[in-house]
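A.B. asks: Give me coordinates for this.
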Amino acid sequence: MQAAHGKKTAIAFLACAILAACASWDGSVGAVFARDNPTGRVFVRDAPADMAGAKAGLLVGDEVVAIDGRSVTKMSPPEVQHALEGRVGTKVRLQVLRHGDTIELNVERGPFRDPANN
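C.D. replies: Take a look at the predicted model:
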């Protein structure tokens, strides 16, 4: 009985350790962006349907005008990338221009995934 209890405790500890590790994994919004370097404008180039960006409503062709309230035209490409990345499960607020209308989307970051290797 003692050995079985010890195994259950070890498994429970391992499960907690895995969950804690997953919570600290870096992730992203699950979309591919393109930047117009002369203007600094950022557009959605791809938003796979099973990823966080599309699930939050991000569409191909959307222009991202702000990330968490900060204008993307004032950000360098590494700053844009850093703003989109974060811990899995955390959210980022995107202000998007679509067909002349500005909308806000809250996207929960998910694990990184290479779209070429579904």
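A.B. asks: residue boundaries of the helices in the chain?
C.D. replies: Secondary structure of the chain (DSSP state H): helices at 2-23, 52-56, 77-84.
A.B. asks: Against which helices or strands is the second one packed?
C.D. replies: Contact partners of helix 52-56 among helices and strands, from 3 or more C-beta pairs under 8 Å, 6 or more residues apart in numbering; DSSP states H and E: strand 101-108. Where C-beta positions appear, they are placed from N, C-alpha and C, glycine not excepted.
A.B. asks: for the strand it packs on, packing partners?
C.D. replies: Using 3+ C-beta pairs under 8 Å, 6+ apart, the elements in contact with strand 101-108 are helix 52-56, strand 91-98.
A.B. asks: Can you say which of those is packed in most?
C.D. replies: Mean neighbours per residue, mean count of other C-beta atoms under 10 Å, is largest over those for helix 52-56, with a mean of 21.
A.B. asks: mean pLDDT for the helices of the chain: which is lowest?
C.D. replies: Ranked by mean pLDDT, the helices of the chain bottom out at helix 2-23, with a mean of 42.
A.B. asks: Give me the below-cutoff pLDDT ranges for the protein.
C.D. replies: Across the chain, the ranges flagged by pLDDT under 70 are 1-25, 113-118.
A.B. asks: Kindly recompute the last result at 50.
C.D. replies: Applying pLDDT under 50 to the chain flags the ranges 1-23.
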